[in-house]
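Engineer: sequence? don't have it. structure:
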């Protein structure tokens, strides 16, 4: 695993998404997941700029998810209007901790984005457990660290996500 935490709270800026995409350099056989996708801005931005296999976002709250679907319709319209290609994408409303298909999607994901600043310790812990099923080489980009960059492997921590992950600081990741 490769893990990067970004100091972000609230909506993720287009400039930050651009920087992340430049570093990730997604290919046409890779998938990107946004956990807690809000109004879908990250999913649509990635779908517009990255030529990847699939972009998926899931949002728990009903109102942002409804706005995401409206934005997706507008996005498709304008991309078609201007003759622009975009990656296949899907936006859903649901709980990413209990969604029946999400565990399989996490296993197949190449990149998981989580603006997890307000998720809370219980949700973050449950996500860490789910992330253990990710394939080798997959990347996690988050606003709050799931694992400290000073993680130390010992008998007590050998089953922790940090035991199998490489952690980078935002400035290492984004070159700032």
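Structural biologist: Alright, I've got the coordinates. Please read all numbers here as calculations on a predicted model, not as lab measurements.

Engineer: and what about residue 123, helix, strand or coil?
Structural biologist: For residue 123, the assignment made with DSSP: H, G, I helix; E, B strand; the rest coil gives helix.

Engineer: kindly state the beta-bridge partners for the residue nearest the centre of the chain.
Structural biologist: Geometric centre of the chain, nearest residue: residue 113, 1.5 Å, by CA atoms, centre = their mean. Under DSSP bridges, the beta-bridge partners of residue 113 are residue 34, residue 141.

Engineer: just the helices in the protein please.
Structural biologist: 14-24, 41-49, 62-81, 102-108, 121-131, 170-174 (DSSP state H).

Engineer: the inter-axis angle of the third one versus helix 41-49?
Structural biologist: Direction vectors for helix 62-81 and helix 41-49, defined by axes from the mean of the first three to the mean of the last three CA atoms, to 10 degrees, enclose an angle of 10 degrees.

Engineer: likewise the fifth one?
Structural biologist: For helix 121-131 and helix 41-49, the angle between their directions (the same axes, to 10 degrees) works out to 30 degrees.

Engineer: who touches stretch 50-68?
Structural biologist: Applying CB atoms under 8 Å, 6 or more residues apart in numbering, the contact partners of stretch 50-68 are 21, 24, 26-40, 42-43, 46-47, 85, 87-96, 99, 102, 105, 110. All C-beta spots, glycine's among them, are computed from the backbone N, C-alpha and C.

Engineer: and with 7 Å instead?
Structural biologist: Stretch 50-68 is contacted by residues 21, 26-40, 42-43, 46-47, 87-96, 99, 102, 105 when judged by CB atoms under 7 Å, 6 or more residues apart in numbering.
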